[in-house]
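Asks: Kindly generate the corresponding structure for this input.
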Amino acid sequence: MPRLAFYAPLKSPRHPVPSGDRTLARLLLRGLRLAGWQVELASSLRSYDGVGDPRQQQRLKARAERRAAALIAAYRARPPEERPQAWFTYHLYHKAPDWIGPAVCRALAIPYLLCEASHAPQQEGGLWQDNLSDCVAAIRQAARIFIVNPRDEPGLATVLAEPTKVLRRLPPFIDAATPARRRPRAELAREAGLDPARPWLISVAMVRPGDKMASYRLMAACYRRLLAEGRHLHWLIVGDGAAAAELDALIADLPGAVRLGALDPPAAAPWLAASQLCVWPAVNESFGMALLEAQAAGCPVVAGYGAGVAGIVDAASGRLVHDCNVERFSAAVATLLDDWAVRRAMAEAGPRYVREHHSLARAAALLRAYWPAPSPLSSAIPEEAVPATAKRPRDEEEPHPDL
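Replies: Presented below is the predicted three-dimensional model:
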């Protein structure tokens, strides 16, 4: 079975904090294996600089270059058939460049593959200028770039000589083979102190400053409006993070609002399956894995419209709110709360839609079609630059702040 080196510079699949990034990184590992690759995690080194500190960027780059040199030496020390025959990097952008993969690929003469790469020309001349230049070089080196979020495509096309030969769509996906686990609603209600007779709205998202909190604030205003209409509801929040205290203060005076904390997808699935609607304004959201998980669990979705979100929420299993504001979003939620028959049809359509369009099996088939796993290589690999006696060190990881 051919070997593939995998790297996620923004957030390793081993990162301790749950998020959509970590979920998709882990799913990509499984999808690539299902597509026929023997995948190994090349590094967990995190290249992320969120504040725009050029000195920190240079320190991270130096550590990544040492990591690349050690990997090249370690790979060359292996028999040719045990070396990676391609490299796959997930989620590259100016705040989290890949300084390892391109160097390894040049040294070993193997293809460089990217997934969810983006280019932000508006960052030219900014605090991440050097990172941005390195990202452009990596993008131009790529033999194939898999696009998860459609809004990334125009920016990538501007820096590629032949974008149609490189870019391929890979819709977001989850493991939809096993039906979402269900628990009795009454049991869940006792566990969280909820009224099982009330409709439950549920939001599943990290609790971070910025766009995530903007969505939570908009949703809190919508929930307040629905309560003012005389509706008796619960709003369940599955999430945790750096802005948890701010969110707790935001919902402190909202009757029926309960934050359940962070739950991984299998643990969140019963709550989704027991709720009437999954609600998320999706302010500047790239796509939102939780919206796929909601549909797979049979929970109809109401979400704010965005290019990425529109690509994963089917009209048969959810509603997208254009020009999302409190009035429009709360009206969309109220309309579905009042129409049991439509909600039931959506609940039945959601799992089918995810299985057909956003499943792990579907993603593996696309990965296989877009970049077939090669036959084992026997060709010699250049041996210059790094001595084969160099040892592969343990990853030099920064302490992981909450993304």
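
Asks: And the residue lying closest to Leu367 once chain neighbours are set aside, how far from Gln122?
Replies: With CB to CB, 6 or more residues apart in numbering as the measure, Ala35 is the residue that lies nearest to Leu367, at 4.2 Å, once sequence neighbours are left out. Bear in mind the C-beta positions are built from the backbone N, C-alpha and C, glycine included. Taken as CB to CB, to the nearest Å, the spacing of Ala35 relative to Gln122 amounts to 35 Å.

Asks: ok, now Ala332?
Replies: Between Ala332 and Gln122 the computed distance is 32 Å (CB to CB).

Asks: So if I had to pick from the two, which one is more boxed in?
Replies: It is Ala332, of Ala332 and Gln122, that has more neighbours when counted by other CB atoms under 10 Å, with 21 against 9.

Asks: My read is that the more buried one contacts Val301, right?
Replies: No. Look at Ala332 against Val301 with CB atoms under 8 Å: they stay out of range, at 10.4 Å.

Asks: shared neighbours, the two?
Replies: The contact sets of Ala332 and Val301 overlap at Arg319 (CB atoms under 8 Å, 6 or more residues apart in numbering).

Asks: Give me the below-cutoff pLDDT ranges for the stretch 301-403 of the chain.
Replies: Within the stretch 301-403 of the chain, the stretches with pLDDT under 70 are 375-403.

Asks: quick one, helices of it?
Replies: Listed in chain order, the helices found in the stretch 301-403 of the chain under DSSP state H, counting those that start in this stretch are 307-310, 326-337, 340-357, 360-370.

Asks: So for Ala62, which of those helices sits nearest?
Replies: Taking CB to CB, helix 360-370 is the member of the helices of the stretch 301-403 of the chain nearest to Ala62, at 32.9 Å.

Asks: Pull up the gap between the closest residue to Val326 other than its chain neighbours and Lys212, please.
Replies: Residue nearest to Val326 in three dimensions, not counting chain neighbours: Ala221, with 4.6 Å by CB to CB, 6+ apart. Counting by CB to CB, the gap from Ala221 to Lys212 is 15 Å.

Asks: buried stuff in stretch 181-199?
Replies: In terms of neighbour count (16 or more other CB atoms under 10 Å), stretch 181-199 has its buried residues at 185, 188-189, 194, 199.

Asks: just the strands in this structure please.
Replies: 3-7, 38-43, 87-92, 112-117, 144-147, 167-169, 200-204, 234-238, 257-261, 277-280, 301-304, 318-321 (DSSP state E).

Asks: Make CSV out of these and add mean neighbour count.
Replies: Shown next, in CSV, are those (neighbours: other CB atoms under 10 Å):
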stretch, mean neighbour count
strand 3-7, 25
strand 38-43, 18
strand 87-92, 26
strand 112-117, 25
strand 144-147, 22
strand 167-169, 16
strand 200-204, 25
strand 234-238, 24
strand 257-261, 17
strand 277-280, 28
strand 301-304, 27
strand 318-321, 20
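
Asks: wait, which of those is closest to Gly311?
Replies: By CB to CB (comparing all of those), the closest turns out to be strand 167-169, at 8.9 Å.

Asks: Each with direction, which strands does that closest one pair with?
Replies: Strands that pair with strand 167-169, judged by DSSP bridges, come out as strand 144-147 (parallel).

Asks: Dump the partner strand to PDB, restricted to CA.
Replies: Coordinates of each C-alpha in strand 144-147 appear next as PDB, following Å, rounded to 0.1, in the frame of the first residue of the first chain:
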ATOM      1  CA  ARG A 144      -3.400  19.200  -6.500                       C
ATOM      2  CA  ILE A 145      -5.400  21.400  -4.200                       C
ATOM      3  CA  PHE A 146      -8.700  20.100  -2.800                       C
ATOM      4  CA  ILE A 147     -11.200  22.900  -2.200                       C
END
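
Asks: List the contacts of it.
Replies: 111, 113-117, 139, 153, 156, 166-170, 367, 370-371.

Asks: tally of neighbours for the residue nearest to Leu132 when sequence neighbours are not counted?
Replies: The shortest distance from Leu132 to any non-neighbouring residue, by CB to CB, 6+ apart, is to His94 (4.4 Å). Residues lying near His94 (other CB under 10 Å) number 24.

Asks: hang on, His94 packs against Asn131?
Replies: Yes. Taking contacts as CB under 8 Å, His94 lies within contact range of Asn131: 4.8 Å.

Asks: Just give me the neighbour total for the closest residue to Leu188 other than its chain neighbours.
Replies: Nearest residue to Leu188, sequence neighbours excluded (CB to CB, 6+ apart): Ala274, at 5.4 Å. Residues near Ala274, counting by other CB under 10 Å, number 23.

Asks: Cool, thanks, signing off.
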